[in-house]
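J.: Sharing a model prediction with you, sequence too.
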Amino acid sequence: MSEDLLRYDLMIEAALRDVVRETMETVARDGLPGDHHFYITFLTKFPGVKVPDYLQKQYSEEMTIVLQYQFFGLKLEDDCIKVTLSFNNVKENLVVPIDAITTFADPSVNFALQFQNAADAGALSEGDGKESPVANKEEKEQDENAAKKEERGEVISLDKFRKK
């Protein structure tokens, strides 16, 4: 049955990651407008992430960076954010794939996006031919929840996400 379902969750996640991409391209080209600034949390062990070893040890799972006053050389390249930040007055180069990001926030306008782990989403959608009990259980639960929602005709309100 899961083959018959459209994965709207994955489509929405991809579209929201495009918001991050476009934002980074704009800021790299034009700089940060007004009071905008970003908190970007990412998985440090995600493939393609490059941070100095001492930061990798300090933030073994997840790290949050702030792009506000002192960041240098911001670029979006090969679907990765490349930026130089200062840590204890030492400039360090970081590479963060867009798919490694778990949270993107701009507190100046009360905007935030939270993403599921892209590796988990890929495992659920693509499959590698190997049966994963955890993935199968999660997929089965998602299928059952989707079927229940379909039976009830449940409507999800977006009002809580709208700026008032």
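T.: Great, that's in hand.
J.: what does the model give the nearest residue to Val95 once chain neighbours are set aside for pLDDT?
T.: When the adjacent residues along the chain are set aside, Val95 lies closest to Lys50, with 3.9 Å between them (CB to CB, 6 or more residues apart in numbering). Yep, even glycine has a C-beta here, placed from its N, CA and C like the rest. You'll see Lys50 listed with a pLDDT of 93.
J.: what sits against Lys50?
T.: Asn93, Leu94, Val95 (CB atoms under 8 Å, 6 or more residues apart in numbering).
J.: can you check Asp4 too?
T.: For Asp4, no residue counts as a contact, taking CB under 8 Å, 6+ apart as the criterion.
J.: ok, now how distant is Ser86 from Asp4?
T.: Separation of Ser86 from Asp4 (CB to CB, to the nearest Å): 51 Å.
J.: For this structure, which segments count as strands?
T.: Counting by DSSP state E, residue ranges of the strands within the chain are 38-43, 62-67, 71-77, 80-87, 90-97, 101-106, 111-114.
J.: Out of those, which gets nearest to Ala28?
T.: Each of the strands of the chain has some distance to Ala28 by CB to CB; the shortest is strand 71-77, at 4.5 Å.
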